[in-house]
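Asker: here is my input, please return the structure:
(chains A and B, ligands or ions: 2)
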Amino acid sequence: MATKEMTYREAVRQAMVDEMERDPNVFLMGEDIGRYQGTFRVTAGLFNQFKQVRVLDTPITEPAIVGLATGAAMVGLRPIVEMMTMSFSILALDQIINHSAKVHYMTAGAACVPIVIRGPGGAANQLSAQHSHSMEGWYAHVPGLKVVAPAFPADAYGMLKTAVRDDNPVIFTEHPTLYGVKGQVPDDKEFLIPFGKANIVRQGTDITLIAYSKMVHVCLEAAERLANESGVRAEVVDVRSLLPLDVATIYSSVRKTHRAVVVYEDWRSGGFGAEIAARIGEDCFDDLDAPVGRVGGLNVPMPYARVLELQCIPNADDVIAAVRKTGV
Amino acid sequence: MAQPAELTIDESPAVLEELYRQMLFIRHFEEKCNQVYRMGKAGGYLHVYIGMEATAVGWLSMLRKDDYVITAYRDHAQALLMGNDPVAVMAEIMGRQGGTSRGKGGSMHLYDIPNNFFGGWGIVGGHIPLGAGLAFASKYKGEDRVTLNFLGDGASNAGVFYETLNMAGLWDLPCIFLIENNEFAMGTRLEYHAANVELHRKGYPFGIRHERMDGMDVLAVRKAARRIIDYVRHEQRPYVVEVMNYRFAGHGAADNDQSLYRTPDEVEAAKARDPIKLLENVIRSQGILSDEQIEAIHSEIEDQVQDIYEKADASPFPDPEEVYHHVYTDMEVEKGH
Ligand SMILES: Cc1ncc(C[n+]2csc(CCOP(=O)(O)OP(=O)(O)O)c2C)c(N)n1
Ligand SMILES: [Mg+2]
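Answerer: Ligands and ions are numbered 1, 2, ... in the order given. Got it, this is the predicted structure:
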């Protein structure tokens, strides 16, 4: 298949362009996404290309934005809502959890909510306590939502297209530090990556590292160092989709390596990695040579000072330490 | 539109000089902040108050020492005026141990609780009900404090603002909702974000007195502030005031393409009413300070700000162990990854 090199940012943007060109019911709404081209420039050029009513600059009112999008989706439109950062989706939790996620169930299937809520989630660079949240674990707790967190441009492209065509509310997290990451993206407007399919991004036999979004890159760095420094061959599973979760791929890797470490940026306690670790514990107990390891963010609000912030976010050293703890 | 200042100046020379010094100090401090950011010594989001100085200086100069103040993330001016040590403010912006929150808050999260400054908040609209809560508490305790609750034109669209206004109207809270209308919410112009651009009218449906006023002439600001603060203190009722000002700087230090939402000509036109220049004109025309004296104040403040920066820069980075402090009042969090 022909491919093009793109940044993660361009891949997200291209997926939106394709889907808007394909389906006139797809439209975009969010804060500063139009005239200002988006704070992370993900929507650059779209206001000029599609004009006002399909690229809507909204007031700073996240609950009403999501609520309006949900209502519009119930009667056939397919909104893509950009959250300036996923931390601001906290304001819209009621609309997302109490409304969007419940419509299909409460109407016994008579209505559905084809809405995508996308935006940067996670710690960037000193954005401090109110702007650095990892929200995907919160959403992956909610039946009725689908939650994805791609780590590479091609996945971002293929999964956003899938998200737009999905008839359910989809939370699509983009890590702010990934926007500049480059990769080959298929030059195919029908390149769709189904949800619920994990991807093995590095083969290995000694231990399985499981992550999504930015932490996949941290695991790849750790795996490379483990190989170079001590000949340990770590397999890296990129979960990509939290809900639905592809346990089959995770389990078959763990059954091969007999060890696992789950890595996530969210607060360690109660984060989504705990769910993955619990599943492995339940279903792969006999295959394990060591307890499942877990690496998460420190259990504190994100501090501003760079030295403290870096301390909070898991890095390759933390992953390697957890790998060592499993006895390899 | 807002009323221009009356021509009669009924402030003493000492007051005029003090207002001038305060605005100039904030201007230089903010310019230093932008410089510090460009040097990579501050990070994240940093929003300066350049162009808006007369609003905070005018209003805060009319408050009593025990009144409460709260604002959003564009908080340096308020933090300085409420009595914080400027070195600690700069150190916080630089993420140092000597900062107001020991480097854990940063530019957007400045506080001075002993001096009744309650921050310093990064979620647009989020602090508005907190301000009403401060006012509720003072009324509950039978005090006659006033709460000054700053918010932006963009924030005035948030649902929580209306919810809070309703409670403030319902319970007669002594809270001034001060909408700083600087004509932009980040890169979105007022007329693209507000259905009715007369933002003070948002007080009307809740039976709250409301008005629009000029925010560039510090003397006019003080006059209106005195009247409104007196009303709120004595009547123990809320007020919505829309202060018309303008930000000369970008939204934040990282906003480097202002051409997306305004022209240089527009900014230049607004600068014709630079609050510092407006007061300087009065000071000159009334013969209060000579050109040499004004010159001397400028260099004195520049030196002072340089000194503040150097002291802040000498403050160490926080100790790694501090990351765990202050999550709870009475217990430790689980440590490690
Ligand atoms: C709930 C929420 N949504 C979005 C943002 C991002 N944001 C920060 S400041 C801002 C503009 C606010 O404008 P305004 O209230 O007019 O204040 P100003 O910056 O002009 O002082 C936006 C959209 C945020 N901090 N919080
Ligand atoms: Mg504004």
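Asker: what is the neighbour count of whatever residue of the stretch 151-300 of chain B ends up closest to ligand 2?
Answerer: Residue nearest to ligand 2 within the stretch 151-300 of chain B: B:G152 (3.9 Å; C-beta to the ion). From N, CA and C alone the C-beta is placed, and that goes for glycine too. A count of neighbours around B:G152, defined by other C-beta atoms under 10 Å in any protein chain shown, yields 25.
Asker: pull the number of nearby residues for the nearest residue to it once chain neighbours are set aside.
Answerer: Take B:G152 and drop its neighbours on the chain: the residue closest to it by C-beta to C-beta, 6 or more residues apart in numbering or on different chains is B:E180, 5.7 Å away. Other residues within reach of B:E180, judged by other C-beta under 10 Å, total 27.
Asker: do the one 10 residues further on as well
Answerer: Counted with other C-beta under 10 Å, residues neighbouring B:L190 total 15.
Asker: now the strands for chain A?
Answerer: Using DSSP state E, the strands of chain A run over A:3-7, A:26-30, A:55-57, A:78-82, A:116-120, A:146-148, A:170-174, A:182-186, A:199-202, A:207-211, A:234-238, A:241-243, A:260-267, A:293-297.
Asker: these: which one's closest to ligand 2?
Answerer: Within those, the stretch nearest ligand 2 is strand A:55-57; the backing value is 14.4 Å (C-beta to the ion).
Asker: what does the closest one contact?
Answerer: A:27-36, A:43, A:46-47, A:49, B:188, B:192-193 (C-beta atoms under 8 Å, 6 or more residues apart in numbering or on different chains).
Asker: try 10 Å
Answerer: For strand A:55-57, the external contacting residues (C-beta atoms under 10 Å, 6 or more residues apart in numbering or on different chains) are A:16, A:20, A:27-36, A:38, A:43, A:45-49, A:65, A:68-69, A:79-82, B:185, B:187-189, B:192-193.
Asker: again with stretch B:316-323
Answerer: Residues from elsewhere that reach stretch B:316-323 (C-beta under 10 Å, 6+ apart): A:298, A:300-312, B:91, B:94-99, B:101-104, B:325, B:333, B:335.
Asker: would you check that B:A91 makes contact with B:K311?
Answerer: Yes - assessed by C-beta atoms under 10 Å, B:A91 is found in contact with B:K311 at 7.9 Å.
Asker: who touches both of those two?
Answerer: Both B:A91 and B:K311 are in contact with B:85, B:98, where contact means C-beta under 10 Å, 6+ apart.
Asker: let me see the confidence value for residue 297.
Answerer: If you meant another chain, say so; for now it's chain A. On the pLDDT scale, A:G297 is placed at 98.
Asker: sorry, I should have been clearer: chain B.
Answerer: Each residue has a pLDDT score; the one for B:I297 is 98.
Asker: and it, that's in a helix?
Answerer: Yes - applying DSSP: H, G, I helix; E, B strand; the rest coil, one finds B:I297 inside a helix.
Asker: residues contacting it?
Answerer: B:I297 is in contact with B:17, B:20-21, B:24-25, B:283, B:289, counting by C-beta under 10 Å, 6+ apart.
Asker: from chain B, how far off is the residue in the stretch 151-300 of chain A that ligand 2 sits nearest to?
Answerer: Closest approach between the stretch 151-300 of chain A and ligand 2, counting by C-beta to the ion: A:P176, at 23.3 Å. Per C-beta to the nearest C-beta, to the nearest Å, A:P176 is found 12 Å from chain B.
Asker: how about A:V75?
Answerer: For A:V75, the distance to chain B - C-beta to the nearest C-beta - is 23 Å.
Asker: and A:S128, by the same measure?
Answerer: A:S128 sits 5 Å away from chain B, going by C-beta to the nearest C-beta.
Asker: neighbours of that residue, how many?
Answerer: For A:S128, the count of nearby residues is 26 (other C-beta under 10 Å).
Asker: same check on B:K41?
Answerer: The number of residues packed near B:K41 is 17, by other C-beta under 10 Å.
Asker: got the contact list for the closest residue to it other than its chain neighbours?
Answerer: Distances taken as C-beta to C-beta, 6+ apart put B:M94 closest to B:K41, at 5.3 Å, once the chain neighbours are dropped. Neighbour list for B:M94: A:304-305, B:33, B:36-37, B:39, B:41-43, B:103, B:106-107, B:309, B:312-313, B:315, B:317 [criterion: C-beta under 10 Å, 6+ apart].
Asker: check those for burial and list the buried ones.
Answerer: A:304-305, B:33, B:36-37, B:41-43, B:103, B:106-107, B:309, B:312-313, B:315 (16 or more other C-beta atoms under 10 Å in any protein chain shown).
Asker: so which of those residues are in helices?
Answerer: If you go by DSSP state H, the buried ones among the contacts of B:M94 have B:33, B:36-37, B:309, B:312-313 in helices.
Asker: A:L160 contacts A:E19, correct?
Answerer: Yes - look at A:L160 against A:E19 with C-beta under 10 Å: they come within range, at 7.7 Å.
Asker: what touches both of those two?
Answerer: Counting by C-beta under 10 Å, 6+ apart, the common neighbours of A:L160 and A:E19 are A:80, A:116.
Asker: neighbour count: those two, which is higher?
Answerer: A:L160 (28 against 21).
Asker: spit out the contact partners of that one.
Answerer: Contacts of A:L160 by C-beta under 10 Å, 6+ apart are A:11-16, A:18-19, A:80, A:116, A:118, A:148, A:150, A:170, A:172, A:174, A:192-193.
Asker: quick one, helices of the stretch 201-337 of chain B?
Answerer: All helices of the stretch 201-337 of chain B, identified by DSSP state H, counting those that start in this stretch, fall at B:218-235, B:264-271, B:275-285, B:291-313.
Asker: redo those helices as TSV? Include distance to A:I276.
Answerer: As requested, those are exported to TSV (distance: least, C-beta to C-beta, whole Å):
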stretch	distance to A:I276
helix B:218-235	54
helix B:264-271	52
helix B:275-285	56
helix B:291-313	44
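Asker: what's the most buried one of those helices?
Answerer: helix B:218-235 (a mean of 19; mean count of other C-beta atoms under 10 Å in any protein chain shown).
Asker: what residues does the stretch 51-200 of chain A put near chain B?
Answerer: Within the stretch 51-200 of chain A, the residues that sit near chain B (C-beta under 10 Å from any C-beta of the partner chain) are A:52, A:57-64, A:67, A:84, A:87-88, A:90-91, A:124-132.
Asker: now, the residues you listed that are in helices?
Answerer: Reading helices off these with DSSP H, I get A:62-64, A:67.
Asker: now those residues: which count as buried?
Answerer: A:62-64, A:67.
Asker: contacts only, for A:F47.
Answerer: Contact analysis of A:F47 by C-beta under 10 Å, 6+ apart lists A:28, A:33-38, A:54-57, B:260.
Asker: farthest pair within these?
Answerer: A:R54 and B:L260 (18.8 Å; C-beta to C-beta).
Asker: hmm, A:V247 is touching A:R255, no?
Answerer: No - the pair A:V247 / A:R255 is not scored as a contact, 11.7 Å apart, by C-beta under 10 Å.
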